[in-house]
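Chemist: sharing a sequence plus its predicted fold:
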Amino acid sequence: MSEGNPLRVAVIIGSTRRGRFGPTVAGWFAAQAGRRADMDVDLVDLAEARLPETLPDHDEDVPEPVRALAPRLAAADAFAVVAPEYNHGFPAPLKTAIDWYYDEWKAKPVALITYGRESGGRYAAAQLRQVFGELHAVTIRDGISLPCYWEQFAADGSWPKVTADCNAAVKTTLDQLSWWARALREARTRVPYVG
């Protein structure tokens, strides 16, 4: 793959809860990434994917929703995971979704965009770093944390306000995600990852 090929970035909405704020955050992040010439975005909503909650034994068939999502994850050069923080952790449906797959995550970068109360989802991000590390994925250093995200609505009802910190943080996050995605894609092309 040449350096000029756009990077395929899967933006994953990690909450399936009714009334969730995740689609707003993911839509904003996907729009920012979509403005870049070096990125093609695939928005993956776990609520629509409808992955089963129960993982099978090793000798059981993989359910159709899992098979349907697998090619989209496998095609991604990078991931951006949008996750709320519930009780100092990330949502169970996101963990189940992560656990359904293995090779799809391997040797690829992951940006974490978390939101919550005062912590902004930092506890959820710390847990996700551990989980993705175990799957041989690389979480980039500078993700986006959105504390008290509900305070960032503009007067016209849009989100986020022009003055919100995340508007500056998104450039750094996307630059790092792009660098890692390109470096790891080139490395995977030259030598298959062993792990």
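Modeler: That came through, no problem.
Chemist: tell me which residues are up against stretch 159-177.
Modeler: Residues from elsewhere that reach stretch 159-177 (C-beta atoms under 8 Å, 6 or more residues apart in numbering): 9, 24, 28-29, 32-33, 36, 39, 78, 80, 109, 111, 113, 140-144, 146, 149, 152-154. All C-beta atoms are positioned from the backbone trio N, CA, C, and that covers glycine.
Chemist: pairing partners for the residue most central in space within the chain in the sheet, please.
Modeler: When the chain is reduced to its mean C-alpha position, the closest residue under C-alpha atoms, centre = their mean turns out to be residue 81, at 1.8 Å. The residues listed as beta-bridge partners of residue 81 by DSSP bridges are residue 12, residue 112.
Chemist: determine the number of other residues adjacent to residue 184.
Modeler: Number of residues near residue 184 (other C-beta atoms under 10 Å) recorded here: 19.
Chemist: let me redo that: residue 187
Modeler: Around residue 187 there are 12 other residues, counting by other C-beta under 10 Å.
Chemist: isn't there a helix covering it?
Modeler: Yes - residue state for residue 187 (DSSP: H, G, I helix; E, B strand; the rest coil) corresponds to a helix.
Chemist: which ones are touching it?
Modeler: 107, 193 are the contacts of residue 187 under C-beta under 8 Å, 6+ apart.
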